[in-house]
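Colleague: Have a look at this prediction, sequence included:
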Amino acid sequence: MEFATFFLLLPLLYSSYLIWKWVDARRDKDCYILDYQCYKPTDDRKVGTEFSAEVLLRNKSLGLNEYKFLLKAIVSAGIGEQTYAPRIMFSGREECPSLADGISEMEEFFFDSVEKLLSRSGFSPQEIDLLVVNVSMLSILPSLASRIINRYKMRSDIKVYNLTAMGCSASLISLDIVRSVFKSQRNVNALLVTSECLSPNWYAGNNRSMILANCLFRSGGCAILLTNNRALKHRAMFKLKCLVRTHHGSRDESYGCCVQKEDEQGKLGIYLGKNLPKAATRSLVDNLRDISPRILPVRELLRFAIVTFARKMNHRHGSTTKVAPTTKSVINFKTGVDHFCIHTGGKAVIDGIGISLDLTEYDLEPARMTLHRFGNTSASSLWYVLAYMEAKKRLKKGERILMISFGAGFKCNSCLWEVMRDLTAAGDGNVWNECIDSYPTNSLANPYLEKYGWIQNEDESTFKIPEEYIK
């Protein structure tokens, strides 16, 4: 009888073991952010109105038409006067950068932010098991990751990934690498370092599609400490719920809309095509189509399906009922998302996402203020937006944050975070601490038009730069 009972219980015990093993393994695959540190360069690297004009006047290939174009671009860019540029700009050598300039720019960021992050979190460099570094526009030997390892004397068995040429969406690509490693190994501590090197990438020509990048990109970076160790869950700020990557590189139009190349005079720069907004919209639509079922409640997905079906049937039967055109999103993302962390690629990017997702000015405020205060810091911009939300005490336990980024290729990447505890007080290292009370500003207008608006009335045949602007 006991023997028979044992055989009856054996399948049940084995099933229980498998369930326990599955649950236990799944728990160790979670990805948590323990802390992060955005980089704030020193004040002597701030880009004010007068300094911007000084830099432009150093470019002898620019004429009146280019000045008018750049004035219009910077006025409408949504960027203020407190953004930062690399030191090479202030020494007047942007047209002849050296390799040392790029390395120095990156090391200044690395040694500031990584140092602060490790010190504040209480982690020693030897406790880091995984290092992922992404800097798109600088590839050196030894790698930038190796320089960090050498600086902090990290372990010899550390896993290292050094990414280049991933563009403004590189942060979430690096995060995907961390997530993948976390799925295969337990109790891993990861350091993710994201930035962009501007020193060797200033465009000194007069091609309008290439000089536009000079108006948008600014210095910045972020170091992020992550873990899948559930013993540290109580210290976590955020938990990764899902991540989706979309790549339209197979489409020629999308592939060629953002390219590093030389102009007709052989001057290197970043070409931003007129079809870039269209490529961004296509990639965003495809990305949202993929991530929506993972982040939205069933009731919203059902409502969306019913509305879409009704529209198709209405169109199929040739209804003559006139419907007012709308740019609002058919699906309501706010049913599954509390905060929107948007890449600060420019005012047009923020406006476009706001329209596509039917977001309010409150939703867009963190991205707009980040663009105004720090500019487009490329892959690290998402973390400045997140830091703004934290500094404004918006983030409460259980709320969810949707991050959306774009990058050359053309790519759109997104992910969803869950807030693990009330972040009602910005940490000591929050990059917004000294100025958060000044935001949101009453106006995002910058003084460029007020100071240099006279140039719009100049005639090319008689134009001459006033003596007061020539040094």
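Modeller: Now that the structure is in, tell me what you want to look at. Residues are numbered from 1 along each chain as shown.
Colleague: quick one: low-confidence parts of this structure?
Modeller: 1-9, 13, 20-28, 315-329, 425-427, 467-471 (pLDDT under 70).
Colleague: Could you report the neighbour count for residue 58?
Modeller: By the measure other CB atoms under 10 Å, the count of residues near residue 58 is 15. (Each C-beta comes from the backbone N, C-alpha and C, glycine too.)
Colleague: what's the answer for the one 3 residues further on, then?
Modeller: Counted with other CB under 10 Å, residues neighbouring residue 61 total 14.
Colleague: where does the residue lying closest to it once chain neighbours are set aside fall, helix, sheet strand or coil?
Modeller: In this structure, residue 61 finds its nearest non-sequential neighbour in residue 206, 4.5 Å apart by CB to CB, 6 or more residues apart in numbering. When classified by DSSP: H, G, I helix; E, B strand; the rest coil, residue 206 comes out as coil.
Colleague: What separation is there between residue 199 and residue 38?
Modeller: 20 Å (CB to CB, to the nearest Å).
Colleague: let me fix that: residue 86
Modeller: Applying CB to CB to residue 86 and residue 38 gives a distance of 17 Å.
Colleague: Shouldn't residue 259 be within a strand?
Modeller: Yes - under three-state DSSP, residue 259 sits within a strand.
Colleague: Quick check: residue 155 vs residue 128, distance?
Modeller: 8 Å.
Colleague: neighbour count winner among the two?
Modeller: Neighbours around residue 155 and residue 128, counted as other CB under 10 Å, are more numerous at residue 128. The numbers are 22 against 12.
Colleague: what about the closest residue to that one other than its chain neighbours, helix or strand, and which?
Modeller: Nearest non-adjacent residue to residue 128, counting by CB to CB, 6+ apart: residue 191, 4.9 Å away. Using DSSP states H and E, residue 191 sits within strand 189-195.
Colleague: Using PDB, list the CA coordinates for that strand.
Modeller: The C-alpha coordinates for strand 189-195 follow below in PDB (Å, rounded to 0.1, in the frame of the first residue of the first chain):
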ATOM      1  CA  ASN A 189      26.200  43.400 -10.800                       C
ATOM      2  CA  ALA A 190      26.500  45.500 -14.000                       C
ATOM      3  CA  LEU A 191      27.800  49.000 -14.800                       C
ATOM      4  CA  LEU A 192      26.300  50.600 -17.900                       C
ATOM      5  CA  VAL A 193      28.100  53.700 -19.100                       C
ATOM      6  CA  THR A 194      26.500  55.800 -21.900                       C
ATOM      7  CA  SER A 195      27.700  59.000 -23.600                       C
END
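Colleague: All the helices of the stretch 351-471 of the chain, in order from the start?
Modeller: 361-374, 381-391, 448-452 (DSSP state H, counting those that start in this stretch).
Colleague: quick one, what contacts the closest residue to residue 414 other than its chain neighbours?
Modeller: Spatial nearest neighbour of residue 414, chain neighbours left out: residue 404 (4.8 Å); criterion: CB to CB, 6+ apart. Neighbour list for residue 404: 284, 287, 340, 341, 342, 343, 353, 412, 413, 414 [criterion: CB atoms under 8 Å, 6 or more residues apart in numbering].
Colleague: beta partners for the third one?
Modeller: Just to be clear, that refers to residue 340. residue 402 (DSSP bridges).
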